[in-house]
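In: Sequence first, then the predicted structure:
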Amino acid sequence: MSSSAAASGSAYAILVLAVLLFATIYEGWQIFLVLPLFSLGFGGVIPVRPAFQAEVFGMRAFGAIQGLVFTIATFGGVIGPVLAGWMYDQTESYRLSFVVLSAIGC
C-alpha cells in the first residue's frame, strides 16, 4: 500500500469516526471535544485525496476524476442538508443524520 493510500484511508477513518461521535453529543460544550478530531480528519482528506488519485489513476485522468468527484460532492452538498433537515423533522434530532453520514463515509 502506498503512503498516500494509507494517509487517505487514515484521514477518512478519522473523519467517519468524528462524524459518528457527533451523534453522541448531548450538550453544546461537548462539540469542542469532537471538533479537533473532525478537523484532523477533514483537513487530512483535502490534500491527500488528489495525491492518491494522481498516484492510482495517473495525471492523464486526473482532471476527469476531479470533475467527477466535485460533481458528486456538489450533489451531496445540495441533497445532504435537505435530507438532514427532513430527518430532524421526523425525529427531532440530528443523531440519525450523523449516523447515516458516517455509514456512507461522509
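Out: Structure received.

In: mind listing the helices for this protein?
Out: Counting by DSSP state H, residue ranges of the helices within the chain are 3-22, 31-57, 62-91, 95-103.

In: got CSV for those, with mean pLDDT too?
Out: CSV is the format used below for those (pLDDT from 0 to 100):
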stretch, mean pLDDT
helix 3-22, 87
helix 31-57, 91
helix 62-91, 94
helix 95-103, 93
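
In: Adding mean neighbour count, write these out as a markdown table.
Out: No exception for glycine: its C-beta is placed from N, CA and C like everyone else's. Formatted as a markdown table, those follow (neighbours: other CB atoms under 10 Å):
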| stretch | mean neighbour count |
| --- | --- |
| helix 3-22 | 17 |
| helix 31-57 | 15 |
| helix 62-91 | 12 |
| helix 95-103 | 17 |
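
In: Ala18 and Gly43 touch, don't they?
Out: No - if you go by CB atoms under 8 Å, Ala18 and Gly43 don't touch, sitting 11.1 Å apart.

In: What sits closest to Gly80 if chain neighbours are left out?
Out: With sequence-adjacent residues excluded and distances taken as CB to CB, 6 or more residues apart in numbering, Gly80 is closest to Leu101, at 7.5 Å.

In: correct me, but that neighbour touches Ala18?
Out: No - between Leu101 and Ala18 there is no contact, the gap being 10.5 Å when judged by CB under 8 Å.

In: if I look at the residue nearest to Gly80, how far off is Trp29?
Out: For Leu101, the distance to Trp29 equals 22 Å [CB to CB, to the nearest Å].
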